[in-house]
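Asker: Below are the sequence and a predicted model for it; my questions follow.
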Amino acid sequence: MPYRDSGSWNAMISGYCLNGNAANALELADAVAFEFIKSMPMKPDGSIWGALISACRIHRNVELGKYASDRLFEVDSENVGYYVLLSNMYANAGKWEGVNDVRSLARGMGLKKTPGWSSIEVDKKVNVFYTGNQTHTQCNEIYKELKELCEKIKAKGYVPDFGFVLQDVEDDEKEHILMSHSERLAIAYGIISTPHKSSLRIFKNLRVCGDCHSAIKCISDITGREIVVRDSNRFHHFKDGSCSCGDYW
């Protein structure tokens, strides 16, 4: 074709998908997330290159992601979020040397990642939890509840997604890291501190990870509770094993 617009590219991608050729569909989608950016009349800014890196993380296209990151740092080299995004891309692809290089680069520039935390109000008192937090006065009860919840949701079909653990550790340690994410700590505390089947309202300063999203859906089902999580993107209303976002956020 002398001219290829978004319709023709989408037709190609859809054709691959309909015929079960997912690998080519993803490869073509990345190549198109790239040609579109290069053809923009204005110079792409940090958000555009960041979106491409995010797509590369999902599709594990490290080579294209590295190119996008080089362009990204040319236009915005002091946004720590972009370094985190690039680090996550390497981690998702199992490129731990790349993870270490990016983190060293960020530290060398004096940039620090915003720590994730979640909060829940119980009896007019706000309780704040950080990932792996063990300083709460009811720490033992919280982790005991988390362990029991984990066993119950596994019986319901939940399988931990280690792709959301951005550290090079053994599987049992990865599972512990996921279990102790801040939103799960807040939920476990809410369960042991409020009446049976009462609703829980959680606030999280960052985006809920995909594994926590899956786990909380199962928790809402087995406990019969409505769980509302307000993350940095939107409200998630978990009830009876499903979420109001339709698993898209």
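Answerer: Cool, the structure landed.
Asker: Nearest to the middle of this structure, which residue? Look it up for me.
Answerer: Cys209 (3.2 Å; Cα atoms, centre = their mean).
Asker: Hmm, that residue is touching Phe164, no?
Answerer: Yes: with contact defined as Cβ atoms under 8 Å, Cys209 and Phe164 form a contacting pair (4.6 Å). From N, CA and C alone the C-beta is placed, and that goes for glycine too.
Asker: just to revisit the earlier point, could you give the backbone dihedrals for the residue nearest to the centre of the chain?
Answerer: When read as degrees, to the nearest 10, the backbone of Cys209 gives phi -70, psi 160.
Asker: who touches it in this structure?
Answerer: By Cβ atoms under 8 Å, 6 or more residues apart in numbering, the contact set of Cys209 is Phe164, His181.
Asker: what about the residue of the chain positioned farthest from its centre, which SS state?
Answerer: Here the chain reaches farthest from its C-alpha mean at Pro2, the gap being 39.9 Å by Cα atoms, centre = their mean. Three-state call for Pro2 (DSSP: H, G, I helix; E, B strand; the rest coil): coil.
Asker: What ranges does the chain have for its helices?
Answerer: In the chain, the segments counted as helices under DSSP state H are 6-18, 22-38, 46-59, 62-75, 80-92, 96-108, 139-155, 171-179, 182-193, 210-223.
Asker: Would you mind giving the ones you listed as a markdown table with distance to Asp240, mean pLDDT and mean neighbour count added?
Answerer: Below are those laid out as a markdown table (distance: least, Cβ to Cβ, whole Å; pLDDT from 0 to 100; neighbours: other Cβ atoms under 10 Å):
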| stretch | distance to Asp240 | mean pLDDT | mean neighbour count |
| --- | --- | --- | --- |
| helix 6-18 | 30 | 84 | 13 |
| helix 22-38 | 31 | 74 | 15 |
| helix 46-59 | 28 | 80 | 19 |
| helix 62-75 | 38 | 86 | 18 |
| helix 80-92 | 31 | 84 | 21 |
| helix 96-108 | 38 | 89 | 15 |
| helix 139-155 | 14 | 96 | 16 |
| helix 171-179 | 23 | 90 | 16 |
| helix 182-193 | 16 | 97 | 24 |
| helix 210-223 | 6 | 96 | 21 |
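Asker: To Tyr130, which of the ones you listed lies closest?
Answerer: Checking those against Tyr130 by Cβ to Cβ gives helix 182-193 as the closest, at 5.6 Å.
Asker: Packing partners of that closest one?
Answerer: In this structure, helix 182-193 packs against strand 117-122, strand 125-130, helix 139-155, strand 200-204, helix 210-223, with contacts taken as 3 or more Cβ pairs under 8 Å, 6 or more residues apart in numbering; DSSP states H and E.
Asker: try it again with 6 Å
Answerer: With contacts defined as 3 or more Cβ pairs under 6 Å, 6 or more residues apart in numbering; DSSP states H and E, helix 182-193 has these neighbours: strand 117-122, strand 125-130, helix 139-155, strand 200-204.
Asker: What are the contacting residues of that helix?
Answerer: 116-118, 120, 122, 129-131, 133, 141-142, 145-146, 200, 202, 204, 212 (Cβ atoms under 6 Å, 6 or more residues apart in numbering).
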